[in-house]
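> Mind looking at a prediction? Sequence and model below.
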Number of protein chains: 2
Amino acid sequence: MIDYRRLRVALLGAGSVGSQVAALLLKHGDELADRAGAALELIGIAVRDLDAPRETDLPKELFTTDAESLIVGADIVIELMGGIEPAKTYLLQAINSGADVVTANKAVLATHGPEIFDAADQVGAQVYYEAAAAGAIPIIRPLRDSLAGDRVQRIMGIVNGTTNYILDRMDTEGAEFADVLAQAQALGYAEADPTADVEGYDAAQKAAILASLAFHTTVPLEAVHREGITTIDKTAIEAARHAGYVIKLLAVCERLENETQASASGEAISVRVYPALIHRDHPLASVHGANNAVFVEAEAAGNLMFYGAGAGGVQTASAVLGDVVSAARRHIAGGVGVGESTRANLPIVEIGRVTTRYHITLEVDDQPGVLATVAGILSEGRVSIATVEQTVIDHPESGVPVARLVIGTHRAREQDLSDTVDRLAASGVVERVVSVLRVEGD
Amino acid sequence: MIDYRRLRVALLGAGSVGSQVAALLLKHGDELADRAGAALELIGIAVRDLDAPRETDLPKELFTTDAESLIVGADIVIELMGGIEPAKTYLLQAINSGADVVTANKAVLATHGPEIFDAADQVGAQVYYEAAAAGAIPIIRPLRDSLAGDRVQRIMGIVNGTTNYILDRMDTEGAEFADVLAQAQALGYAEADPTADVEGYDAAQKAAILASLAFHTTVPLEAVHREGITTIDKTAIEAARHAGYVIKLLAVCERLENETQASASGEAISVRVYPALIHRDHPLASVHGANNAVFVEAEAAGNLMFYGAGAGGVQTASAVLGDVVSAARRHIAGGVGVGESTRANLPIVEIGRVTTRYHITLEVDDQPGVLATVAGILSEGRVSIATVEQTVIDHPESGVPVARLVIGTHRAREQDLSDTVDRLAASGVVERVVSVLRVEGD
């Protein structure tokens, strides 16, 4: 055995990720020491309730409710509590007492990232957060380091396992949203209160983190446009399949050129989360179940995809421990931490300025001249039609025949599209706007 | 503009990757400076022939044939010459004169990696080689850093674009190997002398690099079992499709448990390159054209896949520049380089000890009792049969009916399998052993 320098590791939180991290630290201690070049001594685990049930058998004497004492004197602090407070206070305390920090806390990074990164910069500490953006999938180092010499043009991420599970089951089984959600809750894939997942809040936090890294820009959570999947029904899924697409909740981070009003360079970015149509040939379309994947388009590297488990205690623990080893190596090697680069600080444009293609599904009167009226409204609204498919169906309630019109558009500006849809709805010939979905990845 | 510290960057080689690296360094200099925290000054490009044609317009005054003078005094040396010498000598000179080095040279790393890494360790320098294993795909940092706290069980990589292009075209077009190879050569996807690609030498070098990293073990190139794709014909591709598989040239790096004879821990590794059957549902099966992908199975993280362009000048340049930015950040941050971890140094077992499943295709006499004889030989050889399919075809030359037997086996030891195939060939009832292919990823 080599007599390694000892590094003191404090763990905050013992939930599903935290207890796995502690278990793996203890189980693979010798192996981790060889890789880190330092012995990683777990000095304690701070929890709120000493008597709460734990998933794994961990030595009782490691647990404490006194997080602040644990933080003082630790070389590396692992924060796996989640939520904004007290996590943020503890992270700042750890940084200011000279520790490197490892966190999987997307909420605190998406809302207080700049403050935490600044504090680390001041003292030369480093913040590691591989587990915060896509669970076990290594995406932070690829974006921050491997692609540091390239220009990322677009990221499209399936970064929420719960919604991917739901949409995938709806697609493969023809089931309704509510039924699959109930199933997902029973299986533990969805929380009792599924709002954070199904309304896209979780994905929006991850989008903010990914966009900040990819575009070297501070992206506040409020600047992320967010829509959830609760409006996606069986009909929409079937229509998507019929047209050769699948619906995925995507976090899209995009560099926009020629936004001359937005910045001197003419560049700006857009960060948005919404359910979108992806062609079935696209690599993201084959991401099934609760898996995640991040598709990156870079100027030089071309298209890259990173695929794996987006959540899960032991999977996320892998990413956390990778960060712990990196932090330990840095402690041993010496030198200051590498700060986050936000020097580009590109303006973030509102959703209205974004252009994509759309599929608009309408129910219209089955009368002569209706298509001409609809086409006229689109044309006036600067929305150019690429494809049209009209079918006549019996109205599900009244039984009266009604024409269903699916219009695929060329690229159009979101604001123009949304104004046009309003005008269609008010035109008198449209019975119902069934759905408006963006097409991504084409 | 911020007045950054200047770092002197020397480039060795101006082929398709080198000229792109130089062009991007010059074009995106300000942006790279912001990200690196240092101005990257390209002080020169060493080439063999000043008058050779170049793909991009680079300032003439940067070129020199005097590599050694360029290396002395450089902070970062980028080696993109390829081949063993003089690349190895230059890398060692650069390290010993205090520079960090960036290389895309798989040949020199697979053959002299330990010597180069040791030299860097001695002086606290660092060797970066993201571009050496899978072109533009970030795989080195994920393996070295992100998964440093995990245990990699298996890597299956499509790491050679030329052979993937050939096999993919054979699969999608039903074409023969020689025709697709000629096509690939005409399109520039294959070299005039395709040996390094089609015989698996290129993939074997990358396998050695990936296995060294993943298993913290020095893997000499000679320890990599290697077979090429020249024996794969149209019939084999069709038989694979019929059985629900696709044939891919895979670099397999595998941790073997319970190899008690091999090491005290009972662990060992196997590193091998060969064409194998992959089920069409497996994520690797959908890697088309000249793309690469590395599928990683880790104890905690589960299954991960990294996908992208495996070659190409500008794509590979992206990975090289990412390394240059990392090297620059390290220079600014201070501290010594992080050496390669080879402390596990697991024994590498020979191919005979490996177990996989097989598909054995035989032409046998169309006579009663033949299947019983074949089954008996397999059973005696400890090769257990999982599936059998027999069809009668007319012999392509003689026109005589002959029975074709495709036998899928359960997991068997390679040595047992190969002995058994020899016995089948000598049994008198087998006309011809058409093919023996391993099944991976099931």
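Right, received. Where do you want to start?
> Every contact and neighbour count from this point should use C-alpha atoms.
Fine.
> Could you grab the helix/strand/coil label for the closest residue to A:A148 other than its chain neighbours?
Spatial nearest neighbour of A:A148, excluding adjacent residues (CA to CA, 6 or more residues apart in numbering or on different chains): B:G322 at 4.7 Å. Under DSSP: H, G, I helix; E, B strand; the rest coil, B:G322 falls in the helix class.
> B:G322 against A:R151, yeah?
No - when contacts are counted by CA atoms under 8 Å, B:G322 is not listed as touching A:R151 (10.6 Å).
> So for these two, which sits in the more crowded spot?
Taking other CA atoms under 10 Å in any protein chain shown, B:G322 and A:R151 do not tie; B:G322 has more neighbours (29 against 19).
> Confirm that A:R48 sits in a helix.
No - secondary structure of A:R48 (three-state DSSP): coil, not part of a helix.
> can you tell me which residues contact the most far-flung residue of chain A relative to its centre?
Within chain A, A:P368 marks the point farthest from the mean C-alpha position, 45.7 Å out by CA atoms, centre = their mean. Listed by CA atoms under 8 Å, 6 or more residues apart in numbering or on different chains, A:P368 has no contact partners.
> Just the pLDDT at it, thanks.
If you check A:P368, the pLDDT there is 85.
> and it, which of the three is it?
Assignment for A:P368 (three-state DSSP): coil.
> Also A:P138?
Assignment for A:P138 (three-state DSSP): coil.
> For the closest residue to A:V349 other than its chain neighbours, grab phi and psi.
Distances taken as CA to CA, 6+ apart put A:S270 closest to A:V349, at 5.6 Å, once the chain neighbours are dropped. Phi and psi for A:S270, reported as degrees, to the nearest 10, are phi -130, psi 140.
> Also the one 5 residues further on?
When read as degrees, to the nearest 10, the backbone of A:P275 gives phi -70, psi 130.
> wait, isn't it in contact with A:L249?
Yes - between A:P275 and A:L249 there is a contact at 4.1 Å, judged by CA under 8 Å.
> Now the common contact residues for these two.
Common neighbours of A:P275 and A:L249, using CA under 8 Å, 6+ apart, are A:228-229.
> Residue numbers of the stretch 151-300 of chain A in contact with chain B?
Counting by CA under 8 Å from any CA of the partner chain, the stretch 151-300 of chain A comes close to chain B at A:216, A:300.
> mind listing what whatever residue of the stretch 151-300 of chain A ends up closest to chain B touches?
Proximity of the stretch 151-300 of chain A to chain B (CA to the nearest CA) peaks at A:A300, 5.1 Å away. Residues in contact with A:A300 (CA under 8 Å, 6+ apart) are A:150-151, B:314-315, B:317-318.
> What separation is there between it and A:V17?
36 Å (CA to CA, to the nearest Å).
> before we move on, what about A:L210?
Counting by CA to CA, the gap between A:L210 and A:V17 amounts to 21 Å.
> So those two - more neighbours on which side?
Neighbours were counted for A:L210 and for A:V17 using other CA under 10 Å; A:L210 has more, 28 against 24.
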